[in-house]
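Student: need the 3D shape of this:
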Amino acid sequence: MATLKHINSKNADYGAAEQYLLFEHDEFTMKPTLDEQGRLIPREDYRLAMLNCGGEDFAVACMRANLRYEKNQRREDVKSHHYIISFDPRDAADNGLTVDRAQALGEKFCTEYFPGHQALVCTHPDGHNHSGNIHVHIVINSLRIEEVPFLPYMDRPADTKAGCKHRCTDAALRYFKSEVMEMCHREGFYQIDLLNGSKNRITEREYWAQKKGQAALDKQNAPMIADGITPRQTKFETNKEKLRQTIRKALATATSFDEFSSLLLREGVAVKESRGRLSYLTPDRTKPITARKLGDNFDRAAVLAVLEQNAARAAEKTTAMPEYHRQEKTGIQPTKAPRTAPKQDGVQRLVDVEQKMAEGKGKGYEHWAKLHNLKQMAATLNVYQQYGFTSPEQLEAALDTAYGEMRQTSGKLKTLEAKLQGKKELQRQVLAYAKTKPARDGLKAQKSPKAREAYRQAHESDFIIAEAAARYFREHGVTKLPARKALQAEIERLVSEKDGLYNGYREQKRRFAELQTVKRNIDQILRREEPHRRKEQSHER
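Tutor: Numbering: from 1, shown residues only. Below is the predicted model:
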């Protein structure tokens, strides 16, 4: 799934941002990595583009703009904004994502959502943790050098003017996340819902604390492992992660909030409820950690839901005959995320060896094809049994059902997509109409028809935009313009709903393709066996 991260910088050295993108840096200290001669080590593979720099170096162009508009001169000023779009590592193998394609998407994203800013767009093929995730860095000068259209995340007239600065508000960041989700849906990439929180929220600080702690622990354990001694601890856990495990352990057995609090208190953790929110105080802290900082699985609603399930399960055990009950997995317990990617070792189609040999394939190919067919026959029969099929007719019926479900979800997805595009077009017209308000108000202030005519001619472009927007509102029956914040919230809700349908459709499509392959293989196996059966019957006669 793609994720979006934002970092603002008060560093007046714009060249440092470019240096980080082009040369190797230590992942912990963020200092440049030097070779034996003390020189910077270039990154092995990257793509870099400069936008709105007028042919100059990014750092020079930014400093010229700052001097021209007399901005970013103080130490406390935010000089640049750094956005990072990280794609799912599986997208490279499964969905054809390449460094060049990611770079093109990054440049398009920057042009659409950060217009008027001098920018660096750089794509790296791998993350610092070597997970294989292609990611795009977008670094923009906080100062805007051109007047731009009014975009949905903007809420002040100054947000569009040249000489003013970019503001990454919470609303703006949510908007960017929704657009990243839309980009992934459009390109067919893996994606999760970025708008509705995280079950286990790992902040940037906690992530790096875990990385540094693990590195220190590995260094400490290295001599012991070299001497053949098994270390007592091999995995480093942050204090927040230890707290999460303590809460999960208490929730595994508690049936009421009082019991839950008592179990936590035995471990030295005090739980407090205030204004409908939970917070947890550990012995080593004076300030409690709020559930929001731990993740959605630890807030009041999630905790009470698990306690209710535990109480219901306990009641069933006392009334029903004693028997083994498999523990149900709840949201608070660590569960594996559903796999939406196609299986790399899934069933593949059988090869028609005779046809391939007739086409001129050699003995080596024939040997490989026979081994491939044997493996795929075993895999086909394994899947056939897993689904519980007892006849080809059942397989055919399951295939028809899977196709129907896939088409139904596809129809819902297209309907939702059309609704979402309609809302976005309405938003675009509302924003365009809102930007013409000063011109429309100025026309009302004119006293004579001659003055109004002259004013209209002087602001002709604004009135053309306003009339086009008004015409759109009339054609679509919009009598009252919606509030911009409410409209954006509705768009984000539709994007989240679309994300759920999108992932469901991918899973249904994978299942249909798997069943389709199984059916083709079964048909080919039966066709291959049919001549042998006829031959055996002729011998018996």
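Student: give me the beta-bridge partners of residue 85?
Tutor: Beta-bridge pairing of residue 85 under DSSP bridges involves residue 4, residue 136.
Student: my read: it touches residue 109, true?
Tutor: Yes - Residue 85 is in contact with residue 109 according to Cβ atoms under 8 Å; the separation is 7.0 Å. Placement of C-beta: from N, CA and C, glycine included.
Student: who touches both of the two?
Tutor: Residues within reach of residue 85 and of residue 109 at once, by Cβ atoms under 8 Å, 6 or more residues apart in numbering, are 136, 138, 180.
Student: which one of those residues sits closest to residue 448?
Tutor: Proximity of the shared contacts of residue 85 and residue 109 to residue 448, judged by Cβ to Cβ, is greatest for residue 138, which lies at 50.4 Å.
Student: picking that back up, between residue 85 and residue 109, which is the more surrounded one?
Tutor: For residue 85 and residue 109, the more surrounded residue by other Cβ atoms under 10 Å is residue 85, and the numbers stand at 23 against 20.
Student: what's near enough to touch that one?
Tutor: Contact analysis of residue 85 by Cβ under 8 Å, 6+ apart lists 2-4, 105-106, 109, 135-136, 138, 180.
Student: residue 291 touches residue 300, doesn't it?
Tutor: Yes - Residue 291 sits in contact with residue 300 when judged by Cβ under 8 Å, with a separation of 7.1 Å.
Student: give me the more crowded residue out of the two.
Tutor: The neighbour comparison of residue 291 against residue 300 (other Cβ under 10 Å) goes to residue 291, with 23 against 14.
Student: where's whichever strand or helix holds residue 410 relative to the chain centroid, distance-wise?
Tutor: Here residue 410, judged by DSSP states H and E, is contained in helix 392-435. The chain centre lies 20 Å from the centre of helix 392-435; the measure is Cα atoms, centre = their mean, to the nearest Å.
Student: name the helices or strands packed onto that helix?
Tutor: Counting by 3 or more Cβ pairs under 8 Å, 6 or more residues apart in numbering; DSSP states H and E, the packing neighbours recorded for helix 392-435 are helix 460-475, helix 484-540.
Student: output these in CSV, with mean neighbour count, distance to residue 142 and mean pLDDT appended to each entry.
Tutor: Formatted as CSV, the helices and strands packed on helix 392-435 follow (neighbours: other Cβ atoms under 10 Å; distance: least, Cβ to Cβ, whole Å; pLDDT from 0 to 100):
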stretch, mean neighbour count, distance to residue 142, mean pLDDT
helix 460-475, 14, 28, 93
helix 484-540, 15, 23, 79
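Student: so which of these comes closest to residue 351?
Tutor: With distances scored as Cβ to Cβ, the stretch of the helices and strands packed on helix 392-435 nearest to residue 351 is helix 484-540 (9.4 Å).
Student: low pLDDT regions in the stretch 351-500 of the chain?
Tutor: Across the stretch 351-500 of the chain, not a single residue meets the criterion (pLDDT under 70).
Student: shared neighbours of residue 291 and residue 300, anything?
Tutor: When contacts are counted by Cβ under 8 Å, 6+ apart, the set common to residue 291 and residue 300 consists of 277-278.
Student: so which helix or strand takes in the closest residue to residue 231 other than its chain neighbours?
Tutor: In space, not counting the residues next to it along the chain, residue 231 is nearest to residue 221; the distance is 4.1 Å by Cβ to Cβ, 6 or more residues apart in numbering. Using DSSP H and E, residue 221 sits within helix 204-226.
Student: run through who's touching that helix.
Tutor: Where contact means Cβ under 8 Å, 6+ apart, the residues beyond helix 204-226 that reach it are 5, 27-28, 129, 202, 230-231, 233-238, 240-241.
Student: how's the protein carved up into domains?
Tutor: Following automatic domain parsing, one finds the domains of the chain at 3-196, 205-319, 387-541.
Student: give me whichever of those domains is most buried.
Tutor: When you average the neighbours per residue for each of the domains of the chain (mean count of other Cβ atoms under 10 Å), domain 3-196 leads with a mean of 17.
Student: on that earlier part again, right, and the helices and strands packed on helix 392-435 - which one's nearest residue 360?
Tutor: Nearest to residue 360 among the helices and strands packed on helix 392-435 is helix 484-540; the distance by Cβ to Cβ comes to 21.5 Å.
Student: now for the closest one, which elements pack on it?
Tutor: Using 3+ Cβ pairs under 8 Å, 6+ apart as the contact criterion, the neighbours of helix 484-540 among helices and strands are helix 170-187, helix 363-386, helix 392-435.
Student: orientation of it relative to helix 392-435 in degrees?
Tutor: Compare the direction of helix 484-540 with that of helix 392-435 by axes from the mean of the first three to the mean of the last three Cα atoms, to 10 degrees and you get 160 degrees.
Student: thank you, goodbye.
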